[in-house]
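Chemist: let me see the structure of the following:
(2 chains)
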There are 2 protein chains.
Amino acid sequence: MAGDRAGDYRILHEGALRDYLAGVPDLKSRLGGEPAAWSITEVGDGNLNLVFIVKGARGGIAVKQALPYVRLVGESWPLPLSRAHFEYLALSRQAQLAPGLVPALLHHNETLALTVMELLEPHIIMRKGLVAGSQYPGFVGDITTFMARTLFFTSDLALSAAEKKDGIAGFAGNHALCKITEDLIFTDPYRIAEQNRWTAPYLDGLAAGLRDDMELHVAISRLKLKFMASPEALLHGDLHTGSIMVTESEMRVIDPEFAFYGPMGFDVGAVLANLLMAYFASAGHERAPGDRRAFEGWVLETVEQVWNEFARKFLELWRANATGDAYPVSLFAGEKGAIRLEAERQAYMQRLFTDTVGFAAAKTIRRIFGLAHNIDFELIEDPRKRAVSEARAVRLARGMMVEAVAFRTIADVAGAARKLRDWRPELSG
Amino acid sequence: MAGDRAGDYRILHEGALRDYLAGVPDLKSRLGGEPAAWSITEVGDGNLNLVFIVKGARGGIAVKQALPYVRLVGESWPLPLSRAHFEYLALSRQAQLAPGLVPALLHHNETLALTVMELLEPHIIMRKGLVAGSQYPGFVGDITTFMARTLFFTSDLALSAAEKKDGIAGFAGNHALCKITEDLIFTDPYRIAEQNRWTAPYLDGLAAGLRDDMELHVAISRLKLKFMASPEALLHGDLHTGSIMVTESEMRVIDPEFAFYGPMGFDVGAVLANLLMAYFASAGHERAPGDRRAFEGWVLETVEQVWNEFARKFLELWRANATGDAYPVSLFAGEKGAIRLEAERQAYMQRLFTDTVGFAAAKTIRRIFGLAHNIDFELIEDPRKRAVSEARAVRLARGMMVEAVAFRTIADVAGAARKLRDWRPELSG
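Modeler: Numbering: from 1, shown residues only, chains lettered A, B, ... in the order given. Model (predicted):
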């Protein structure tokens, strides 16, 4: 991993990228054949970076380079290249903690803000599969292992306070990426903001209602404060179904450039929110009434299993690896201590569940009223149908945010979603 | 402030200190006269450092030098010199935020871990005054200004998330000092630990009870986790009455070497706990029955006023300076928004009060069963009397820690203390 290559940052478009890769022996050999014959395709469909797939006679690689601005918006919205450093740092840590569940790192150049990873083939972005109605039976096992291990092992339950503080300091510089989240998820959807958009005119009334809903504003503000000032563990920070690549049997989590030490519920909530949105969007993708019921059943079952399996694995790790400074085992000696500590572990998970419910709601609302939408809803062509799906998701999310503690179990969440499957919202326009 | 003076660390005993100070023109001139005539007295009665008072023909200064180990214990317990850096950093910040309430900084040498401050005369350590039964009418005003301003202006309510993260990272390296707190306050008093001590044999039963009290162990573990992972604001970190110097009309907070970003309730709770201990210790210092009743009344009144005035000032700062990224004013526009935000501010203070109650309890118990005791109790010569005072404090603290939310107002705390004034505990031995 060359982190200190000389030369200033420059954007590597196709020709320059070819020359660069040809100059890195490991990569050249992995690609194979003559550099001139390598195919180079820009495939970045995210909002921030350049992403190239490069294929040679022997194999392929993926190359990601950060741009000094937000790609979706342009040079008017600058964004520091340092995010490539934090992404590389996070990916390295995740690879240690959850081997096989993130792409293999092949090369990193700090100056160029460039990272080369294994090419994931034939993996697709999970969100695309969900829009198509595909089911991923292995997903629950993999995503819950990823979350349980990356969150537990970077928490105070596993680390000494000194290690934890070093970790927090190491990611403190990634605040420009955190600010995107703070603004776009925790603030803008609840006020008039130029970049907001929604399915107009149908959701105009709902959008105005959110801006006027002071209970919701208190709830989102509490979540925002928790996001900013609760460094519980190293988060992926953007763990939606567009950051997950899948095949029928495999899963990889990609793109951790939003990584920082934050509240665990933000990552877990992101996964649940994106499954719930896939569920509500599904009705809009029907070609015949009810033709996606099996898919929808699988999605809601997956929602339940994601939390339950995550909690089970997290608790199992805690029981077996209580090496951190929090909840020292020496304070819970003997049978009485063991029983009391186990009860406290359950209470800890309940608090984490409440956080998760709130963050899932925040992740949902931003996709319907904020800047960045997702194709689950966007690919519903009929805007009225799209608005109906979105309004159902918003109704659930509003309840989850304002009364998070009323959802005692994940079955409560899934049950509430199921009840809204055929609810007819009143639309504007 | 010379921060980059050449040369390695060395301990400056009297002669070397005289030469060093003579070489710093500002200090030499402030002291006045011939260096050979300066009086140099080592007065450090704390646990960690060397402290010298130096007086010359014109004036005096205080010199504090960190030792590479814990002074109280010796070289077998090393402690990084970097704490002098963090103390200097914190003192500088406190001086900006609470001018006149910390000693003026005159000189700092990073390499020597040495800081020179104004000589506080005729100030005495507040704890000594409390043991003597002195009242400090100006204390409430000064300490609440100090806490409200240093905590508010370093919190997410006043700072951008980026500024806050920079601050957290800047103090993350002070983890060796945090660990002292984590061990000595949040862990050791609740388990068998070599350094624990208490007024034996009278408190033997109580000590054993604490070690067996699993509800208390859960409560202290939750507080410990909050201490480690809730960077709400820049704390003093050791804000007991031994870190406060007073005259009848003035107050200065000294010794912020434990400074780090932590939960605000830890600082506020420290002040309250030390007042409560002064209250319970008072009976042990009577020369005639009831001769300290006026003092005791003043102390409990001060307990109430410290919280109430702190809360009032903190809220006033929040209303006038909501420049931080938390609770953005744009989400609380109009009259309805203003009313809802004010209610949320009150709820925020209630949560902070609950934290404060818990931390105050933790600070009390450590002084009675842990390594570091305080003279409020220690100077009670009759060990049985001392044990009675201590047992009363422990009874209140146990309730405050396990049922913190049951104390809705500071009057509840003061009232509970008042009820225990003449309670006769069952003692061992």
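Chemist: when you work out contacts or count neighbours from here on, use the C-alpha atoms and nothing else.
Modeler: Noted.
Chemist: and the residue of chain A found nearest chain B, helix, strand or coil?
Modeler: Nearest residue of chain A to chain B (C-alpha to the nearest C-alpha) works out as residue A:169 at 4.5 Å. Secondary structure assignment for residue A:169 (DSSP: H, G, I helix; E, B strand; the rest coil): helix.
Chemist: nearest residue to it other than its sequence neighbours?
Modeler: Using C-alpha to C-alpha, 6 or more residues apart in numbering or on different chains and skipping residues adjacent in sequence, the residue nearest residue A:169 is residue B:169, 4.5 Å away.
Chemist: number of nearby residues for the one you found?
Modeler: Neighbour count for residue B:169, taken as other C-alpha atoms under 10 Å in any protein chain shown: 22.
Chemist: for the residue lying closest to residue A:306 once chain neighbours are set aside, what are its contacts?
Modeler: Leaving aside its chain neighbours, residue A:306 sits nearest to residue A:140 (5.5 Å; criterion: C-alpha to C-alpha, 6+ apart). Taking C-alpha atoms under 8 Å, 6 or more residues apart in numbering or on different chains, we find residue A:140 in contact with A:302, A:305, A:306, A:309.
Chemist: wait, what's in contact with the residue lying closest to residue A:44 once chain neighbours are set aside?
Modeler: Once flanking residues are discounted, residue A:44 sits nearest to residue A:51: 4.5 Å by C-alpha to C-alpha, 6+ apart. Residues near residue A:51 by C-alpha under 8 Å, 6+ apart: A:42, A:43, A:44, A:62, A:63, A:64, A:65.
Chemist: residue A:51: what secondary structure?
Modeler: Of the three states, residue A:51 takes strand according to three-state DSSP.
Chemist: one more: residue A:33?
Modeler: coil.
Chemist: surely it meets residue A:57?
Modeler: Yes: in this structure residue A:33 lies within contact range of residue A:57 using C-alpha atoms under 8 Å: 5.1 Å.
Chemist: what does the stretch 51-200 of chain A have sitting close to chain B?
Modeler: Proximity of the stretch 51-200 of chain A to chain B, by C-alpha under 8 Å from any C-alpha of the partner chain, involves residues A:156, A:161-162, A:165-166, A:168-170, A:172-173, A:175-176, A:179, A:187, A:190-191.
Chemist: and those residues, which two are furthest apart?
Modeler: A:162 and A:191 (39.6 Å; C-alpha to C-alpha).
Chemist: which parts of the helix or strand residue A:151 falls within are buried?
Modeler: When elements are assigned from DSSP states H and E, residue A:151 belongs to helix A:139-152. Applying a neighbour-count criterion of 16 or more other C-alpha atoms under 10 Å in any protein chain shown, one finds A:139-140, A:142-152 buried in helix A:139-152.
Chemist: what's the answer for stretch A:190-202, then?
Modeler: A:190, A:191, A:196, A:197, A:198, A:199, A:202.
Chemist: what number of residues lie near residue A:228?
Modeler: 27.
Chemist: report pLDDT for it.
Modeler: The model reports residue A:228 with a pLDDT of 98.
Chemist: that one touches residue A:260, doesn't it?
Modeler: No: counting by C-alpha under 8 Å, residue A:260 is not a contact partner of residue A:228; they are 10.0 Å apart.
Chemist: element containing the most centrally placed residue in chain A?
Modeler: Among the residues of chain A, the one closest to the centroid is residue A:239, at 0.9 Å (C-alpha atoms, centre = their mean). Counting by DSSP H and E, no helix or strand carries residue A:239.
Chemist: which residues does residue A:34 contact?
Modeler: Taking C-alpha under 8 Å, 6+ apart as the contact definition, residue A:34 lies against A:56, A:57.
Chemist: any idea how far it lies from residue A:364?
Modeler: Separation of residue A:34 from residue A:364 (C-alpha to C-alpha, to the nearest Å): 47 Å.
Chemist: swap in residue A:224?
Modeler: 15 Å.
Chemist: chain B contacts on the stretch 251-400 of chain A?
Modeler: Within the stretch 251-400 of chain A, the positions lying close to chain B (C-alpha under 8 Å from any C-alpha) are A:326, A:327, A:328, A:330, A:331, A:332, A:336, A:337, A:340, A:341, A:344.
Chemist: repeat that with 10 Å
Modeler: Listed as neighbours of chain B in the stretch 251-400 of chain A under the rule C-alpha under 10 Å from any C-alpha of the partner chain: A:262, A:325-328, A:330-334, A:336-341, A:343-344, A:348.
Chemist: after the helix or strand residue A:30 falls within, next one along is what?
Modeler: Here residue A:30, judged by DSSP H and E, is contained in helix A:25-31. Downstream of helix A:25-31, the next assigned helix or strand under DSSP H and E is strand A:39-42.
Chemist: does the residue nearest to the centre of chain A touch residue A:258 like I think?
Modeler: Yes: using C-alpha atoms under 10 Å, residue A:239 is in contact with residue A:258, at 9.3 Å.
Chemist: where does the closest residue to residue A:168 other than its chain neighbours land in three-state SS?
Modeler: Once flanking residues are discounted, residue A:168 sits nearest to residue A:261: 5.6 Å by C-alpha to C-alpha, 6+ apart. Classification of residue A:261 using three-state DSSP returns strand.
Chemist: what's the distance between residue A:261 and residue A:170?
Modeler: In terms of C-alpha to C-alpha, residue A:261 sits 9 Å off from residue A:170.
Chemist: who's more crowded, those two?
Modeler: Ranked by neighbour count (other C-alpha under 10 Å), residue A:261 and residue A:170 place residue A:261 first, with 29 against 16.
Chemist: quick one: residues contacting residue A:427.
Modeler: Residue A:427 sits next to A:200, A:201, A:202, A:203, A:204, A:205, A:206, A:384, A:387, A:388, A:391 when contact means C-alpha atoms under 10 Å, 6 or more residues apart in numbering or on different chains.
Chemist: in what helix or strand does the closest residue to the fifth one other than its chain neighbours lie?
Modeler: So the one you mean is residue A:204. Using C-alpha to C-alpha, 6+ apart and skipping residues adjacent in sequence, the residue nearest residue A:204 is residue A:428, 6.1 Å away. Using DSSP H and E, residue A:428 sits in no helix or strand.
Chemist: hmm, residue A:200 and residue A:428 touching each other?
Modeler: Yes: Residue A:428 is in contact with residue A:200 according to C-alpha under 10 Å; the separation is 8.3 Å.
Chemist: can you give me the strands for the stretch 251-400 of chain A?
Modeler: All strands of the stretch 251-400 of chain A, identified by DSSP state E, counting those that start in this stretch, fall at A:251-253, A:260-262.
Chemist: please work out which of those strands is packed deepest.
Modeler: Highest mean neighbour count of the strands of the stretch 251-400 of chain A: strand A:260-262, a mean of 27 (counted as mean count of other C-alpha atoms under 10 Å in any protein chain shown).
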